[in-house]
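Novice: got a predicted structure plus its sequence, pasted below:
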Amino acid sequence: MRWDHLRLDDDGGAGRADAPRDVPLIERRAVTRTFDTPGFRGMTFYEVRARTVINRVPDAARVPFRWTINPYRGCSHACTYCFARRTHEYLDLDSGADFDSRIVVKVNAAERVRAELAAPRWRGEPVAMGTNVDCYQRAEGRYRLMPGIIAALADAANPFSILTKGTLILRDLPLLADAAARTRVDTAVSVGSPDPELARLAEPGAPAPRRRLEVCAALNEAGVGCSVLMGPVIPYLSDSPARLDAAVREIAAAGATSVTPIVLHLRPGAREWFLGWLREHHPDLVVPYARLYRGGAYAPERYRREIAGRVRELAERHGVGAGSRGRPSRGGPERRGPGRPEEPGGPRQLTLM
């Protein structure tokens, strides 16, 4: 591992050195840290000083925002399906275990955000956070980058949004409420299914789904609008009518301002890792998945449309958004893709098709 010579002890001992020139993101100096505490055991943190932190989204991306802030790369939530996994390969790390345990920390994120917001060229456009990896993952409890970032955005009255699975966002609730009094603040929690066993296997490092829904309720109670990204809906595991109904019913009970379903998509990097997980935990689904995703990264368009339609009907039935105290969040566009699903045999969980 080319960064091992940068290692530092938890108490700040010797070992710092210039990073290699050919490693992206490490233009100046990097420090590698490990912490011998239960929450961080087995993890390595690469502390870097980024040149820019507010990044423009490529024009070809099909997302409803143009600018993002990602203070971390890699994510300890360890979600088997995370589409951002491949980005770790750009750092000479793998998209599997390294993505889950080797986390890049932009330690100067808050000061860079403040400087970039003050630049004459900045036009005050909305900024999205949590769109690549979670800004409230476990590392945020130690590095505390988000309070400074939120304060900088609030001081500039710059609109922003946060998507998270992390309960740590409640630590910053006073800051978010203050920011919401100055500018548009949208928040969302990601909950694909309330099934605790599925979450334990597919999202082993993330808080339990019901804890995330408690976050949604707390944010809305405080007047900070919080919606739910119901993602991913995992074919054959969380897409039956009964499971969709259970999910939307709990989302409504949490006071979500809206719910937006996203069907699992499997881009390179995530695809290999997720299919390995599938072979271990649901080997009977390997062939159905090969059929379902034979057209590429996305499930068939007809299937995604039916999921979206069913969730929309359930949201109306259960009153999602009715009586919410926070302002509604903006939803993203529906994804596109070819093909059509085929069901596995047996009496177990089936798709709604």
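Specialist: Sure thing, it's come through. Residues are numbered from 1 along each chain as shown.
Novice: Three-state assignment for R182, please.
Specialist: coil (DSSP: H, G, I helix; E, B strand; the rest coil).
Novice: the closest residue to it other than its chain neighbours: which element?
Specialist: Of all residues not flanking R182 in the chain, A157 sits nearest, at 4.9 Å (CB to CB, 6 or more residues apart in numbering). Glycine gets a C-beta too; all of them are placed from N, C-alpha and C. Here A157 sits in a region with no helix or strand, counting by DSSP states H and E.
Novice: for N55, same thing?
Specialist: Using DSSP H and E, N55 falls in strand 54-56.
Novice: I'd like the distance between the residue nearest to R182 and V113.
Specialist: A157 is 14 Å from V113, where distance means CB to CB, to the nearest Å.
Novice: in its sheet, which strands sit next to the strand holding N55, and in what direction?
Specialist: strand 67-69 (antiparallel) (DSSP bridges).
Novice: could you point out which element follows the partner strand?
Specialist: Counting by DSSP H and E, the next helix or strand C-terminal to strand 67-69 is strand 72-73.
Novice: quick one on the thing from earlier: now the residue nearest to R182: phi and psi?
Specialist: phi 50, psi 40 (degrees, to the nearest 10).
Novice: do the one 5 residues further on as well
Specialist: Comment: the main-chain dihedrals of I162 come out as phi -130, psi 130, following degrees, to the nearest 10.
Novice: that one is in contact with V127, isn't it?
Specialist: No. The pair I162 / V127 is not scored as a contact, 9.7 Å apart, by CB atoms under 8 Å.
Novice: list the helices and strands the top helix by length along the chain packs on?
Specialist: In the chain, assigned by DSSP state H, the helix with the most residues is helix 301-318. Using 3 or more CB pairs under 8 Å, 6 or more residues apart in numbering; DSSP states H and E, the elements in contact with helix 301-318 are helix 241-253, strand 259-263.
Novice: export these to JSON lines and tack on distance to G296 and mean neighbour count?
Specialist: As requested, the helices and strands packed on helix 301-318 are arranged in JSON lines below (distance: least, CB to CB, whole Å; neighbours: other CB atoms under 10 Å):
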{"stretch": "helix 241-253", "distance to G296": "24", "mean neighbour count": "19"}
{"stretch": "strand 259-263", "distance to G296": "13", "mean neighbour count": "23"}
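Novice: can you tell which of those is closest to T34?
Specialist: In terms of CB to CB, the element of these nearest to T34 is strand 259-263, at 34.3 Å.
Novice: quick one: average confidence on the closest one?
Specialist: In this model, strand 259-263 has a mean pLDDT of 97.
Novice: in three-state terms, label P58 for me.
Specialist: The three-state label given to P58 by three-state DSSP is coil.
Novice: an error on my part: the question was meant for G231.
Specialist: Put simply, G231 is strand when judged by three-state DSSP.
Novice: count the residues that sit near it.
Specialist: Counted with other CB atoms under 10 Å, residues neighbouring G231 total 20.
Novice: pretty sure it contacts P261?
Specialist: Yes. Under the criterion of CB under 8 Å, G231 makes contact with P261 at 6.7 Å.
Novice: among the helices and strands packed on helix 301-318, which is nearest R171?
Specialist: Per CB to CB, nearest to R171 of the helices and strands packed on helix 301-318: helix 241-253, 23.0 Å.
Novice: residues making contact with the closest one?
Specialist: Contact with helix 241-253 is made by 191-195, 210, 213, 216, 228, 230, 233, 238, 259, 307, 310-311, 314-315, 317-320, 322, 349, 352, as judged by CB atoms under 8 Å, 6 or more residues apart in numbering.
Novice: same question for stretch 112-121.
Specialist: Contacts of stretch 112-121 (CB under 8 Å, 6+ apart): 50-54, 69, 106, 122, 148-149, 152-153, 155-156, 158.
Novice: sorry, back to before: contacting residues around the residue nearest to R182?
Specialist: Contacts of A157 (CB under 8 Å, 6+ apart): 124, 182-183.
Novice: for the stretch 101-250 of the chain, just list every one of the helices.
Specialist: 109-118, 140-143, 146-155, 173-180, 196-202, 209-221, 241-253 (DSSP state H, counting those that start in this stretch).
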